[in-house]
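1. Sharing a model prediction with you, sequence too.
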Amino acid sequence: MNFTTAQSNLFDPAATGVAVAPAPAMIKLTDIEKVYQTKTIETVALNRVNLTINKGEFVSIMGPSGCGKSTLLSIIGLLDEPSSGQVEIAGRPVTSYSDKELAGLRNQKIGFVFQSYHLINDLSVLDNVELPLLYRRSVSGQERRQRAHAALDKVGLSARTSHFPSQLSGGQRQRVAIARALAGNPELILADEPTGNLDSVMGEEIMDLLLHLNRHEGVTIVMVTHDEHQAQKTERVIRFFDGSQVS
C-alpha cells in the first residue's frame with residue numbers, strides 16, 4: 001500500500017468524487033478492553049467499550065478521575081493499544097496498518113492538546129508550533145514557518161511569536177498548544193482537559209476557540225473534560241464510570 005496516496009483520503013473515502021457507499025465512521029471502537037497487570041494486581045481501565053465518532057463531530061468524554069477517559073483518548077489517538085477489541089479508522093482495522101502508516105496518521109491527521117500544554121520552555125512560541133512539522137520530510141522550512149504563523153494567527157497570538165512559554169498566561173499557553181496541533185492541518189483533534197488548568201474566563205475563551213474550529217473549519221474534536229458546563233456545549237456527551245461507558 002502506498003501510504004502517501006492512501007492517507008490523503010483516509011478519513012474521507014468519497015473525496016475522490018467517485019460515487020461510493022456512505023463513508024464509514026472516522027473512528028469506530030468495538031468491544032475495547034484495556035487491562036493493566038502487575039504480579040499481584042489486575043486493573044481494568046476500559047471494559048468492553050463500543051463507540052463511534054463521525055467526521056465533523058464534537059464529542060465530550062466525562063467521568064470521575066481514574067475511570068479510563070485518558071486511556072480511551074490514547075487508544076483513539078493511536079498512542080496506546082487495547083488489550084482486546086478492534087479499533088477502526090475509516091472502516092479499516094488499525095491492526096492492518098504498518099508502523100509507518102500509524103506514525104503518519106498520528107503526525108499528519110491527528111492533533112493533540114493536553115491539559116499541561118507540553119510546550120518546550122527553551123523554544124519560542126513560533127518554534128514550539130513548528131516542532132511537529134520537523135518530522136514531515138515533505139514540508140520545507142519555509143512552509144513550516146508559514147504554517148506556524150497561520151496557526152498562531154488563528155488563535156490570536158500572531159504578536160507573541162518571539163515570546164517564550166514562561167512569558168505567557170495559562171490561556172495563552174493553551175492557545176499555543178492548539179496552534180501547534182493546527183499547524184499540521186489535522187482532521188481530528190484530541191483534547192485532554194484543555195480547560196482544566198485555566199480560570200473560568202480563560203476556559204471560556206479556549207472552549208470558544210475549539211467550537212469555532214469544529215463548526216467553521218470542520219475539525220472533528222474529542223475532548224476529555226470534568227467540566228459539565230463546557231461539555232454541554234458539544235454535540236454529544238459520553239460518560240464513563242469505572243472503565244465502562246454508562247451513557
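-> Yes, it's here.
2. N197: neighbour count?
-> The local packing of N197 (other Cβ atoms under 10 Å) involves 16 other residues. C-beta coordinates here come from the backbone N, C-alpha and C atoms, glycine included.
3. Show the pLDDT at it.
-> Looking at N197, its pLDDT is 86.
4. quick one: it and Q115 touch, right?
-> Yes. Between N197 and Q115 there is a contact under Cβ atoms under 8 Å: 5.6 Å.
5. per-residue pLDDT, the residue of the chain most remote from its centre?
-> In the chain, counting by Cα atoms, centre = their mean, T40 sits farthest out from the average C-alpha position, at 33.8 Å. The confidence metric pLDDT takes the value 86 at T40.
6. what about T234, is that helix, strand or coil?
-> Counting by DSSP: H, G, I helix; E, B strand; the rest coil, the backbone at T234 sits in coil.
7. Can you name the residues that contact it?
-> By Cβ atoms under 8 Å, 6 or more residues apart in numbering, T234 lies in contact with F58, V59, S60, I221, M223.
8. Try it again at 10 Å.
-> Contact analysis of T234 by Cβ atoms under 10 Å, 6 or more residues apart in numbering lists 57-61, 207, 210-211, 214, 221-223, 225.
9. could you dump these to a markdown table with neighbour count?
-> Converted to a markdown table, the contacts of T234 look like this (neighbours: other Cβ atoms under 10 Å):
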| residue | neighbour count |
| --- | --- |
| E57 | 18 |
| F58 | 21 |
| V59 | 22 |
| S60 | 23 |
| I61 | 27 |
| M207 | 22 |
| L210 | 22 |
| L211 | 15 |
| N214 | 20 |
| I221 | 24 |
| V222 | 26 |
| M223 | 28 |
| T225 | 24 |
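10. before we move on, back to that, please enumerate the shared neighbours of N197 and Q115.
-> Q174.
11. Check which element follows the helix or strand bottoming out on mean pLDDT in the chain along the chain.
-> The helix or strand of the chain with the lowest confidence, counting by mean pLDDT, DSSP states H and E, is helix 3-8 at a mean of 40. Once the chain leaves helix 3-8, the next helix or strand it forms, by DSSP states H and E, is strand 27-37.
12. and stretch 105-121, how far out from the chain's middle?
-> Centroid separation for stretch 105-121 versus its chain: 7 Å, with Cα atoms, centre = their mean, to the nearest Å.
13. let me fix that: stretch 210-225
-> 10 Å.
14. So which bits of stretch 94-111 are buried?
-> Buried residues in stretch 94-111, counted by 16 or more other Cβ atoms under 10 Å: V94, Y97, E101, G104, L105, R106, N107, Q108, K109, I110, G111.
15. returning to that earlier point: show me the contacts of T234 that map onto strands.
-> If you go by DSSP state E, the contacts of T234 have F58, V59, S60, I61, I221, V222, M223 in strands.
16. Three-state assignment for the most centrally placed residue in the chain, please.
-> With distances taken as Cα atoms, centre = their mean, L190 lies nearest the centre of the chain, 1.9 Å away. For L190, the assignment made with three-state DSSP gives strand.
17. In which helix or strand does the closest residue to T30 other than its chain neighbours reside?
-> Nearest residue to T30, sequence neighbours excluded (Cβ to Cβ, 6 or more residues apart in numbering): Q86, at 4.6 Å. Here Q86 sits within strand 84-89, counting by DSSP H and E.
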